[in-house]
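K.L.:
I need the structure of the sequence given here:
(chains A, B, C and D)
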Number of protein chains: 2
Amino acid sequence: MRKPVVVDVKRGVTSYDVAVRAGVSQSAVSRCFKEGASVAPATRARILEAAEALGYAPNAIAQGLITRRSNLVGVLISNLTNLNYPEVLAELTRRFSERDVRVLLFTLQTESDVPQALRQLWRYRVDGVIAAARLEREAIAQFDARGVPLVLYNRDGEGAPVSSVCCDSRAGERALVDRLADAGCRRFGVITGPADSHVSQERVAGATERLRERGLPFEVAEGGFDYHSGEVGLRRLMMTTDGRMDALVCANDAMALGAIDAARHTLGLRVPEDLSVVGFDGVGPAAWSSYQLATVRQPVKRMTEAAVAMLLERIERPDLTPERRLFAGELIPGRSARGG
Amino acid sequence: MRKPVVVDVKRGVTSYDVAVRAGVSQSAVSRCFKEGASVAPATRARILEAAEALGYAPNAIAQGLITRRSNLVGVLISNLTNLNYPEVLAELTRRFSERDVRVLLFTLQTESDVPQALRQLWRYRVDGVIAAARLEREAIAQFDARGVPLVLYNRDGEGAPVSSVCCDSRAGERALVDRLADAGCRRFGVITGPADSHVSQERVAGATERLRERGLPFEVAEGGFDYHSGEVGLRRLMMTTDGRMDALVCANDAMALGAIDAARHTLGLRVPEDLSVVGFDGVGPAAWSSYQLATVRQPVKRMTEAAVAMLLERIERPDLTPERRLFAGELIPGRSARGG
DNA sequence: CTGTTAGCGCGTTCAA
DNA sequence: TTGAACGCGCTAACAG
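P.N.:
Have a look, this model is predicted:
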């Protein structure tokens, strides 16, 4: 009795199985699945037919072991609940997929998860990493040491020389302050993000810098980038200013939306008549008709495209030096601020 | 001149490097990283010290090749922009991480991406898959044929025997209809999701079934699960009913929020006085004070926990039969419907 | 153009 | 308890 032609599919079809069925050597099969390898049209056809029949596709794990290219990239992302990140993540995976690269996802709840995530990244021999999370200098140094390309998303290396893609926070905030000041606002409040967030620091610095240049007074309250902290921040600022604040700059959209709701539904203020509010990011809900938030929209598509391109470039050519790309955001005038 | 002790770290530290440094065999090193292998305490210490010094960790790729376990699971997810999915994804990756399993992410824009994603899943020898995306019966059959466990999230196999975790749509919708009817609503509108969405079909069926039982008239409009289609759907239903509709059932929260905004800002209706609106999901913005949406909240934490547990169980014991787990949602009375 | 051969890094026998 | 040897599935020389 002959061995059955149908291989045990649970065990996985190998190039050897295909070779046997097509009556060629295993390496011939291998070449068939490689660009620009020399295979006679006739044999190639026979092999592909056999592969098709058996449902064969090269084992990426074995491939990675030998080529030292896993075609895997790590994506580190904190706070998936940040209204902004789902879009970023979807765009990243889509663009990587198009280029035949798979995404290994790590969502970080806290900073303490970073070392653990890195260990796994090393173990899986990822070809590169995109990080939308806070990395210590020491962590960044590991990428260098291991020769794994790294691109930071909306962060910079805090001095370390590392590639990054960012939206220009300072310029965006300056434009937002001008938007408010030009509309006649005079008493400002600022709600920051978490103190350890570099993005928050940049945005707040941009805003306050411009406020000082224009000689406009302001108060600052600390927030946490979430909706609720916008509500809380507004209430605190209103107390600080004895209710005379007429403009509020929030370090992101989520807080701005929380502040608008608190103003309208808790404090009984009209937005924008009594209080003008601006945010940053350009998330979906910001455009909803309840809010029509004045904000700066990050060019997510262009930023993700740049991040992917930069990373793949550095995977191909590890000697490339770090590069920082800064994208201007788009000012959305909105109606949550006077004069919109 | 001796070979330098520091290996070329760019090429990756191997168990062999560690073995040399510790003066043992490669297999001894291997055993050190395996639970319950017999290694003398003294040698183990020497080996671990050497490993530490060299920054060694087992190469997961090579490990996978030989053990036939990649410790990789695929997560298929469509519409990351569905306000509900970011939380689901974050929970899934967190729970998998805790159990030392990595997530290979595939975000699908369209159904046509499915075959392509599946091919990659097979190539990477994932141990299992969680799919929050529409899969044809034929696709599901491939999982069986290859012996790769599959758990569907918020979908069922359309007749195929496959494990799944779902939120009870019918019961939830029935409760929502009761919520509205008990508050005195009499003319109903229903906005569905996309026609090919099984979740939408279930939810709409649950709602209309209950409406018929209670003898309440209703009109139906088709939506697409997004904010905008809630606006559009409401306008259409208002025309159909000559403006006499007083209750609107939306197949998800995003559309409900769009409908509320359209009612208030475009049609000049008061919500809930003139129109009561309910959604489904319990996404973040539904709780914002502008909306306080009446909805059913999916128990995302329990559902993701169940999905992860079911999948890992089936990876350990491939002979387990399919199981369907149905979770009841939590009714949030809200204030977007009368009597809240 | 094709087959043979030698590994990639590791887990797992099997003797010692 | 330890080490030698083998092979997971594949790619990359190298001959023919």
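
K.L.:
secondary structure class for residue A:249?
P.N.:
strand (DSSP: H, G, I helix; E, B strand; the rest coil).

K.L.:
looking at it, it is touching residue A:191, isn't it?
P.N.:
Yes. The criterion here is C-beta atoms under 8 Å, and residue A:249 meets it with residue A:191 at 7.4 Å. Where you see a C-beta, it was placed from the backbone N, CA and C, and this is true even at glycine.

K.L.:
if I look at the closest residue to residue A:198 other than its chain neighbours, how far off is DNA strand C?
P.N.:
Counting by C-beta to C-beta, 6 or more residues apart in numbering or on different chains, residue A:155 is the residue found nearest to residue A:198 once chain neighbours are left out, at 5.6 Å. From residue A:155 over to DNA strand C the distance is 31 Å, taken as C-beta to the nearest atom of the strand, to the nearest Å.

K.L.:
so who does residue A:155 touch?
P.N.:
By C-beta atoms under 8 Å, 6 or more residues apart in numbering or on different chains, the contact set of residue A:155 is A:131, A:132, A:133, A:134, A:135, A:164, A:166, A:198, A:199.

K.L.:
Look up the pLDDT of it for me, please.
P.N.:
As predicted, residue A:155 sits at a pLDDT of 91.

K.L.:
in the host helix or strand of residue A:86, what's buried?
P.N.:
According to DSSP states H and E, residue A:86 maps onto helix A:85-98. Neighbour counts using 16 or more other C-beta atoms under 10 Å in any protein chain shown place A:85-97 of helix A:85-98 among the buried residues.

K.L.:
Tell me which other helices or strands that helix touches.
P.N.:
strand A:72-78, strand A:102-108, strand A:128-132, helix A:300-316, helix B:85-98, strand B:102-108 (3 or more C-beta pairs under 8 Å, 6 or more residues apart in numbering or on different chains; DSSP states H and E).

K.L.:
Next one: the second one, is it in contact with chain B?
P.N.:
Put plainly, it is strand A:102-108. Yes. Interface with chain B: strand A:102-108 contributes A:102, A:103, A:104, A:105, A:106, A:107 (C-beta under 8 Å from any C-beta of the partner chain).

K.L.:
Among these, which one lies nearest to residue A:269?
P.N.:
Residue A:269 lies nearest to residue A:107 out of those, by C-beta to C-beta, at 36.8 Å.

K.L.:
Name the residues linked to that closest one by a beta bridge.
P.N.:
residue A:77 (DSSP bridges).

K.L.:
what does the average pLDDT come to for the helix holding residue A:86?
P.N.:
If you average the pLDDT values across helix A:85-98, you get 94.

K.L.:
Compute the inter-axis angle for that helix and strand B:102-108.
P.N.:
Angle, helix A:85-98 to strand B:102-108, by axes from the mean of the first three to the mean of the last three C-alpha atoms, to 10 degrees: 90 degrees.

K.L.:
next one: stretch A:135-145 to chain centre, how far?
P.N.:
The chain centre lies 19 Å from the centre of stretch A:135-145; the measure is C-alpha atoms, centre = their mean, to the nearest Å.

K.L.:
buried residues in it?
P.N.:
Of the residues in stretch A:135-145, A:135, A:139, A:140, A:142, A:143 count as buried by neighbour count, 16+ other C-beta under 10 Å.
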